[in-house]
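Student: Okay, here's the prediction I keep looking at, along with the sequence it came from:
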Amino acid sequence: MTDQQGKSISIDEDKETKRLLETESGSRYPSGLSGKLILLVALSWSLFQLWYASPLSLMSSSFARPIHLAFAIFLAFLVYPAFKRSPQSRIPWHDWLFAIGGALSALYLVWAYDALSTRPGIPITTDLVFAGVGMLLLLEATRRALGPPLMVVAGVFLIYTYFGPYFPEVISHRGASLERLLSHQWLTSEGVFGVAIGVSASFVFLFVLFGALLERAGAGNYFIKVAFSMLGHMRGGPAKAAVVASGMSGIISGSSIANVVTTGTFTIPLMKRVGFPATKAGAVEVASSTNGQLTPPIMGAAAFLMVEYVGIPYLDVIKHAILPALISYIALIYIVHLEACKANMLGLPRRYKPTLAQSLTSFIGTILGLCILTLVVYYSIGWLKIVFGDWALAIVLSLTLIAYIALVAYSCRFPELKLDDSSAAITELPEVGPTVKSGLYFLLPVVVLVWCLAVERFSPGMAAFWATIFMIFIVVTQKPLQTFFRKKRGEHSDKNYFTAVREGFEDLFHGLVKGAQNMIGIGVATAAAGIVVGTVTLTGIGLVMTDFVEFISGGSLMLILIFTALISLILGLGLPTTANYIVVSTLMAPVVVELGAQNGLLVPLIAVHLFVFYFGILADDTPPVGLAAYAAAAVAKADPIKTGVQGFAYDIRTAILPFMFIFNTNLLLIDIHNIFHFVTVVFGATVAILVFAAATQHWWLTRNRVWETLAMLLIAFTLFRPGFWWDMVYPPIEKLPASQIVEAAEQIPENRGLRVWVSGESLDGREVSKVVLLPLGEAAPGNQRLEEAGLILSIFDDQVEVDMVTWGSPAESLGIDFGWEITAIERELDRPAKEWMLLPPLFLLGLIAWLQVKRIQRQGGSHPRKDQEVNHV
């Protein structure tokens, strides 16, 4: 048995760590023919997904989704025992029966596709039998792979669908027959085989496979070593390195538990050795590992679902998520620094200590070199396309291959990075230069991925396909190439070329198998969560939720957001992030957008989805059931509840971010007007999160006084939301009579929107009054622009009614209907930039710094306790 890095797991390894690892890819490892069959099926799944994503495949998603689920259910029953007391080394006959039955139930949609297409909504007995068996076995596979919570949630929604009339009046509906329930959930693309599992089959599998191959190639160990070589010498250096290493591992992993176990087995013992208590060492690892799923370009699986649910390109998801992710990690590093300052810790010694001038020169040179290299690559490839046309692709592939071989040859000039023993004492840090240079070629696949997404504008699935193909090439060839170049340099090696080639193909085999095993839980989770989506579309509960949530929140948007956050955290105690995101975003995202509009706040849909995504991830370290906290506690030999509580305390800085970017969408890089605006947003957000971290740690330059902590919280809030105070002085908008809508539409700049208040009766009989942003196209007379947006109006004095709404128009998509009334319009006012509001809090922050410096000078040092023991290795 091997772990995420390919290391063998000894029999006496901590049982709790092993148990949590098993939640990722199963705990049953049968020997003999059964074990080989599992490996063969997992390998076949990876090869099928590669073929499906390739340009050669013309397979419809109607076929790919059932095949994807068939693999997931089949493997789930084979590798996840029914109970703890069930056999671990063999597969009982009934599990074989369940595995085959579940796979056949899914494949029935492929086999009977033509027949099902001729009788939509009119299932025969055979259809219902396969649907019923498939639903039951899917729920059981979900229980085995992910535990009871998601199975219970899906079961509750199925009960709600069937017994709708018996529920309280506020959420009741007329109910659905068993025939209609099974048909809708299993035989259509509205339920189990809906958008969620479609994204899993198209995008998520390839990104998980890409990460598994990177890990198998040794990239995980490389990232850890680089982080330690660069940051280990600082105060609390191992903890800071753990944060960076987990962030880089999160780029290729997307799993909190996998991050904790892979990086934590090395970083947590080191943190303990430099003075961190076991609880805090585990908590730092938990906080940094959970945030790995927030880190572009490869985020958690739920991020790919946003592409379909929000209807924006994946590149836009990355753009909106990048700033919150970066400042969140910066704040965590700063929290670690403050913890180290409190305990007066030192870092690990370096073999060679560069001067300040050398460090600055190296840093600036590296940044400039990367910038120059980026510009050269970008413009040279653009030039190649112009000059060589169709031959440009072959030339670019040749240049990439040459760069890879050159970087491998260059890496062989430096010692090979070995896996460290976490129990061995470390007396000094590895040198930065040789460590970084020993694995630069690991960055090439990530560059290819980002290039395909950002420059070539490929779909996420196609970008992941080409990056994975390149990664397969690296896995197979890196060891033979290293053997060749090391022997050429005259280094003695017991490894011959045949052995190196064999090891390369073994790594490829294990990487493909591991990628499929890591997808089992995600595959069944997206299918089971599809039951919730199917229930919403079948029963119309989504429309009811608006009234229900508005009732319990009193119409307050802040209370609705708190309610949504609590739902995400509670469901996240037992649901994986992906399933949690699907459930909560399906139910709550439309509600938040609708009620925000009724309160006069236009909340972008992506902001609400990221809000849900963040809190779903935070549930991984939320006590009492946060699995990532249990994994870290197992490695740190600490109490899991205390570790979870401390980890959540560190993650408070992440928990406030979703609230902030709901009310200040600039944090998601939305409506950024120019470079100065961008710089002020980034600067304000970075300083705000650092100040908030210092306030929550009750320590900045020295221990905070109570009023200083309160002042810092106010400063952080103001820097995050400068418009909150600025709007009180300079109102951002003014309301105008609805009769001026034609003139206002004519004055709006090209391709901008007009804020319009509308009211009327919705399809479900509710009276609605809300603000919408009506998109207007190119400059034209006002009436023409309104008609192009889909609105034909009748204006009588001060009353404006909607005569007709064009089908499929922007106005129709905003929920406006004929017979509705335009009650007012809003116009943005010219006013000074709200960024001027950054100056008062910065002045107050400078005053606090001056007072703390004076207090330190009076105490005679940088810390209140000069006699405190200095911890070091």
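Tutor: That came in fine, so what should we check first?
Student: In three-state terms, label residue 801 for me.
Tutor: Three-state assignment for residue 801 (DSSP: H, G, I helix; E, B strand; the rest coil): strand.
Student: Tell me if I'm right that it and residue 793 touch.
Tutor: Yes. If you go by CB atoms under 8 Å, residue 801 and residue 793 touch, sitting 6.8 Å apart. (Glycine included, C-beta is placed from N, CA and C.)
Student: which neighbours do these two share?
Tutor: residue 822 (CB atoms under 8 Å, 6 or more residues apart in numbering).
Student: start to end distance for stretch 338-349?
Tutor: Counting by CA to CA, to the nearest Å, you get 20 Å between the two ends of stretch 338-349.
Student: quick one: average pLDDT of it?
Tutor: Taken as a whole, stretch 338-349 has a mean pLDDT of 78.
Student: Show me what counts as buried in it.
Tutor: By neighbour count on 16 or more other CB atoms under 10 Å, the buried set for stretch 338-349 is 338, 339, 340, 341, 342, 343, 344, 345, 346, 347, 348.
Student: and of the residues you listed, the nearest to residue 649?
Tutor: residue 339 (11.1 Å; CB to CB).
Student: mind checking how far the closest one is from residue 853?
Tutor: Residue 339 is 21 Å from residue 853, where distance means CB to CB, to the nearest Å.
Student: buried residues in stretch 102-113?
Tutor: Result for stretch 102-113 [16+ other CB under 10 Å]: buried residues 102, 103, 104, 105, 106, 107, 108, 109, 110, 112.
Student: Please apply the same query to stretch 564-583.
Tutor: By 16+ other CB under 10 Å, the buried positions in stretch 564-583 come out as 564-565, 567-583.
Student: Narrow these to those in helices?
Tutor: Applying DSSP state H to these, the entries found in helices are 564-565, 567-572, 577-583.
Student: okay, who's weakest in those by pLDDT?
Tutor: Scanning those for pLDDT, the low point is residue 572. It has 71.
Student: residues in contact with the one helix or strand residue 694 maps to?
Tutor: Assigned by DSSP states H and E, residue 694 belongs to helix 675-696. The contact list for helix 675-696, computed with CB under 8 Å, 6+ apart, reads 323, 327-328, 330-332, 334-335, 338, 649, 652-653, 656-657, 666-667, 669, 672, 700, 704, 709, 712-713, 715-717, 719-720, 722, 833, 835, 838, 842, 845.
Student: again, only this time at 7 Å
Tutor: 323, 327, 330-331, 334-335, 338, 652-653, 656, 666-667, 672, 700, 709, 712-713, 715-716, 719-720, 722, 835, 838, 845 (CB atoms under 7 Å, 6 or more residues apart in numbering).
Student: Of these, keep whichever come out buried.
Tutor: For the contacts of helix 675-696, buried by 16+ other CB under 10 Å: 323, 327, 330-331, 334-335, 338, 653, 656, 666-667, 672, 700, 709, 712, 715-716, 719-720, 722, 835, 838, 845.
Student: got the phi/psi numbers for residue 771?
Tutor: phi -100, psi 140 (degrees, to the nearest 10).
Student: Surely it is in contact with residue 755?
Tutor: Yes. The pair residue 771 / residue 755 is scored as a contact, 5.9 Å apart, by CB atoms under 7 Å.
Student: Thanks a lot, see you next time.
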